[in-house]
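S.K.: Predicted model, plus sequence, below.
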Amino acid sequence: MTIYNEKLGAGFLETDGMRIEEGLYTAPLLHFQADLPDRDYTITLTSPASANVQEMELTVNGVEIQPTWVLEQQEWTCLFPFALVGTALHLHVEGSPAVLSTVEVTPIHERQRSTYPALFLIGDSTVCTYEKERAPMAGWGQMIGRFFQETIHIENPAMGGRSTRSAYREGRLNALLTDIKPGDYILIQFAHNDETPTKLDRYVTVDQYKTYLRDHYIRGVLQRQGIPVCVTSMNRRTFDKGAGTFIDSFPAYTNAMREIAEEQGLVLIDLNKKSLAYYNELGYEGTAAIFMQLKPGESPNYPDGLDDNTHFKKAGAQKMARFVAEEINKKIPALAPFIKEMDKPDSY
């Protein structure tokens with residue numbers, strides 16, 4: 001390792017308090033840069049046995065890394081995959097102090113296309129899969145498998161409370177990008193948490209939302225020869241009593257997703273529009289049957305009841321999954337042959 005120089009295109013950038021002694025780089029904050037093309041890499045770090053590696057915090061391009069350090073022959077080692085998208089690689093290590101002996105960045109062999117494409121989902125709590133202890137709550141990603149033949153593998157790493165910002169920062173996008181293969185489809189749905197300014201770890205402006213989608217999610221998928229699909233978020237149970245109709249819960253973010261899909265030439269699944277029409281068909285009282293509206297004693301998992309106008313019971317999640325499958329059947333010819341049970345009624 002060395003101090004960064006443009007000719008080499010790699011090395012440590014000088015930071016406050018940095019020392020270089022006997023091949024060790026030590027500082028409260030170490031910053032390593034490598035000028036590399038977009039692709040997947042294995043990053044391997046070593047540190048002396050005397051270093052307090054468990055207290056060192058690692059990020060790569062703003063993505064939090066939770067490494068597993070292994071002590072062998074008086075040296076700590078950790079390695080992890082990273083999907084580089086659109087910029088140089090910037091490794092930051094903070095500690096009291098941070099100490100590194102070596103940094104190695106090695107390209108991972110490109111993955112080969114599978115016989116059948118896989119379907120990956122990334123999003124928030126309205127998409128994710130719930131454990132049985134939270135039934136009857138369900139996300140549409142939990143139900144979508146019903147509409148596909150078993151030859152289509154479905155991965156659903158969506159997680160509650162996540163936005164484009166937090167799913168990126170926590171490494172959820174990184175894990176997906178290092179897993180997908182050429183020809184796989186990635187359905188991207190965010191908005192519920194992006195538009196919440198009181199939760200700064202999640203919140204993004206509309207412009208930031210579009211930047212995350214374009215420069216991280218979509219670019220990352222395309223670079224790995226995957227196929228991104230934009231999904232507008234279904235609405236909350238947002239009812240305008242004066243007008244007597246349901247309205248878009250987050251119109252600026254809905255329109256932003258539509259604009260990104262058009263700008264990038266991608267398939268758009270307008271789940272927002274579909275859900276709005278469906279809610280208005282049911283009426284305000286009728287939508288209580290699909291949202292997590294529970295009376296005390298109605299569900300053993302919610303003995304005190306629940307008044308939740310965001311999350312779905314199984315009936316609502318299955319209906320959203322059906323809408324998604326219908327749109328895939330219409331708009332993605334490569335996946336249409338694998339769609340099934342569209343003519344069967346939903347069962348709850």
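M.R.: Perfect, I can see it now. Numbering: from 1, shown residues only.

S.K.: Am I right that residue 146 sits in a strand?
M.R.: No - using DSSP: H, G, I helix; E, B strand; the rest coil, the assignment for residue 146 is helix, not a strand.

S.K.: what's the neighbour count on it?
M.R.: By other Cβ atoms under 10 Å, the residues close to residue 146 number 15. No exception for glycine: its C-beta is placed from N, CA and C like everyone else's.

S.K.: how far away is it from residue 101?
M.R.: Using Cβ to Cβ, to the nearest Å, we find residue 146 at a distance of 52 Å from residue 101.

S.K.: Check residue 232 too.
M.R.: 48 Å.

S.K.: who has more neighbours, these two?
M.R.: The neighbour count for residue 232 versus residue 101, taken as other Cβ under 10 Å, is higher for residue 232 (26 against 17).

S.K.: quick one, what contacts that one?
M.R.: Residue 232 makes contacts with 189, 191, 254, 257-258, 268-273, as judged by Cβ atoms under 8 Å, 6 or more residues apart in numbering.

S.K.: if you look at these, which of them are in helices?
M.R.: 254, 257-258, 271-273 (DSSP state H).

S.K.: And the residues you listed, which is closest to residue 339?
M.R.: When the ones in helices among the contacts of residue 232 are compared for distance to residue 339 (Cβ to Cβ), residue 271 comes out closest, at 16.4 Å.

S.K.: Ignoring the adjacent residues along the chain, who's closest to the closest one?
M.R.: Among residues not flanking residue 271 along the chain, residue 234 sits closest, at 4.8 Å (Cβ to Cβ, 6 or more residues apart in numbering).

S.K.: Doesn't that neighbour lie inside a helix?
M.R.: No - Residue 234: not assigned to a helix; according to three-state DSSP it is coil.

S.K.: So, low pLDDT: which residues of the stretch 201-348 of the chain?
M.R.: Applying pLDDT under 70 to the stretch 201-348 of the chain picks out residues 345, 347-348.

S.K.: let's go with 80 and repeat that
M.R.: Along the stretch 201-348 of the chain, the model assigns pLDDT under 80 to residues 341-348.
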